[in-house]
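Sequence and predicted structure, then a few things I'm wondering about:
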Amino acid sequence: MKNCVIIPAYNEAGRIEQVVKTVLEAGFDVLVVNDGSKDDTHFVLSVLPIIYLEHPVNQGQGAALRTGTLAARELGYESVVHFDADGQHQTADITRLLEVLHNDFDAAFGSRFMGLNSDLPGKKKVILNLARIFSRFVLQLRFTDPQSGLRAFKLSVYDQLEWQKNDFQHCSEILGQVMKNKIKFKEIPVQIIYDEYAVSKVVKPKMSLGWKLIINKIFDWL
Amino acid sequence: MSLFQILVLILIAVVIGKAIKRFWLKELSLLLFLTWSGVWVALAVVVMLPGILSWVANFMGIGRGVDLVIYLALFAIFYIVFKIYLRINKIEKNMTELIRKIAMQNMRKTETDKDKKI
């Protein structure tokens, strides 16, 4: 199966080169979507053997991932892995996610809450647990880590997964599509490394995200 | 006529005057011009003949004229907010599509060692 690792990047000049090199060394094709970065992300990536796309204006992680996924499909890839640019995801987990796809599943999701210690910062742990409860009981999403950004899926199911949200709502939206379209999926435990850089780059979860999800759910019911 | 009525009527005249100017300069469509002017003319009638509001309110089964205005104003505000929300969503979606097209057109694929071998 022809695989591609998609990395969305927004102002990641400090870490992206190292992350991309690590993934390339592991033998994967890399597609980076520079989502309107204002720092040197563009120059750092210009020397690397990757597929490179650039949003002239920042659109959000969901939009960048959609652009990358559509490009991968156009280039003839059969499956993709969504991977963060700040170094918190582990290259070994790419292989593990792809193994799930080889075992007759259409999608695979990395979870921080399936046993492996991800050393989550205290405040983030509380917020993510609240998000889990919210997702389970309000959005009816039965996943252990609904906000995980580490996922892989076959492009044959992309049309059923196709998400519309540009911001971080895309995580819940994709899971919603998985449930709605009964896509065969599996969650696997992954370890996320929150070093100083990753913690500084983490976008603080906002309450407005919760409100947006509730409003969208109400519109769905209507 | 009270001072308040005179001031409001002057204000309404200014707003309608501006609407006529914008319509003349073709910045407003005929439909929008008529709708916008109609709202202000109706307001002018209410200001000049306040009793009419109570009559309409009673006719519709609402106690006071002021209540009728509040209900209508709330309805109008919710409707406008909803329309703006939809319009912004549509503009955002179109903008993302445009940006995506630009990104796809300028896609750069650097030759990898694997490609070279092939």
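Great, that's in hand. None of the values given here were measured: they were computed from a predicted structure.

contacts and neighbour counts: CA atoms only from here.
Noted.

How many residues are close by B:Glu27?
B:Glu27: 13 surrounding residues under other Cα atoms under 10 Å in any protein chain shown.

can you pull the pLDDT of it?
Per-residue confidence (pLDDT) for B:Glu27: 88.

repeat for A:Pro146
In this prediction, A:Pro146 has a pLDDT value of 84.

and if you look at B:Ala73?
89.

Could you look up the next helix or strand downstream of the helix or strand harbouring it?
Assigned by DSSP states H and E, B:Ala73 belongs to helix B:65-105. Following helix B:65-105 in sequence order, the next helix or strand is strand B:108-109 (DSSP H and E).

Quick one: mean pLDDT over that following strand.
Rounded mean pLDDT across strand B:108-109 is 85.

In terms of secondary structure, what does that strand contact?
Contacts defined by 3 or more Cα pairs under 8 Å, 6 or more residues apart in numbering or on different chains; DSSP states H and E place strand B:108-109 against strand A:51-55.

in the following helix or strand past the strand it packs on, what's buried?
With elements assigned by DSSP H and E, the helix or strand that comes after strand A:51-55 is helix A:61-74. Neighbour-count burial for helix A:61-74, counted by 16 or more other Cα atoms under 10 Å in any protein chain shown, picks out A:61-73.

same thing with stretch A:92-101?
Here stretch A:92-101 shows A:93-94, A:96-98, A:100-101 as buried, counting by 16+ other Cα under 10 Å.

In helices, which of those residues appear?
A:93-94, A:96-98, A:100-101 (DSSP state H).

which of the residues you listed lies closest to B:Thr110?
A:Ile94 (21.9 Å; Cα to Cα).

Tell me which residue of chain A lies closest to chain B.
Nearest residue of chain A to chain B, counting by Cα to the nearest Cα: A:Ile51, 4.4 Å away.

What residues are bridge-paired with the residue of chain B found nearest chain A?
The minimum distance from chain B to chain A, using Cα to the nearest Cα, falls at B:Lys109 (4.4 Å). B:Lys109 has these beta-bridge partners by DSSP bridges: A:Ile51.

what's the helix holding B:Ala73 packed up against?
Against helix B:65-105 (3+ Cα pairs under 8 Å, 6+ apart) you get strand A:51-55, helix A:61-74, helix B:51-60.

Work out for me the element A:Val5 sits within.
strand A:3-9.

Check whether that strand comes near chain B.
No. Remark: strand A:3-9 sits outside contact range of chain B, by Cα under 8 Å from any Cα of the partner chain, the gap being at least 12.9 Å.

buried ones in the helix or strand just after that strand?
Next along the chain after strand A:3-9, taking DSSP H and E as the criterion, comes helix A:16-25. Within helix A:16-25, the residues that qualify as buried are A:16-17, A:19-20, A:23-24, counting by 16+ other Cα under 10 Å.

ditto for stretch B:28-41
B:28, B:33, B:37, B:40-41.

How about stretch A:98-117?
A:98, A:100-101, A:105-113.

taking these one by one, which sit in helices?
A:98, A:100-101.

coming back round to it: can you put the buried residues of stretch B:28-41 in CSV and add secondary structure and distance to chain A?
Shown next, in CSV, are those (DSSP: H, G, I helix; E, B strand; the rest coil; distance: Cα to the nearest Cα, whole Å):
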residue, secondary structure, distance to chain A
B:Leu28, coil, 31
B:Phe33, helix, 32
B:Ser37, helix, 34
B:Trp40, helix, 34
B:Val41, helix, 36
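
just so I know, which of the helices and strands packed on helix B:65-105 lies nearest A:Val81?
When those are compared by Cα to Cα, helix A:61-74 sits nearest A:Val81, at 9.1 Å.

ok, then the element right after the closest one?
Helix A:61-74 is succeeded, C-terminally, by strand A:79-82 (DSSP H and E).

other SSEs contacting that following strand?
Looks like strand A:79-82 contacts strand A:3-9, helix A:61-74, helix A:91-102, strand A:151-154 (3+ Cα pairs under 8 Å, 6+ apart).

as a whole number, average confidence for the second one?
Which is helix A:61-74. Mean predicted lDDT for helix A:61-74 stands at 96.

which residues touch that helix?
Helix A:61-74 is contacted by residues A:4, A:6-8, A:31-35, A:53, A:55, A:80, A:82, A:155, A:162-171, B:96, B:100, B:103-104 when judged by Cα atoms under 8 Å, 6 or more residues apart in numbering or on different chains.

Would you confirm that the residue of chain A closest to chain B contacts B:Lys109?
Yes. Using Cα atoms under 8 Å, A:Ile51 makes contact with B:Lys109 at a distance of 4.4 Å.

Give me the more crowded residue out of those two.
Comparing A:Ile51 with B:Lys109 by other Cα under 10 Å, the one with more neighbours is A:Ile51, at 23 against 13.

Now for that one: which residues touch it?
A:30-32, B:107-110.

Surely A:Ala85 is in a helix?
No. Looking at A:Ala85 with DSSP: H, G, I helix; E, B strand; the rest coil, it is coil, so not inside a helix.

State the distance from it to B:Met107.
A:Ala85 is 19 Å from B:Met107, where distance means Cα to Cα, to the nearest Å.
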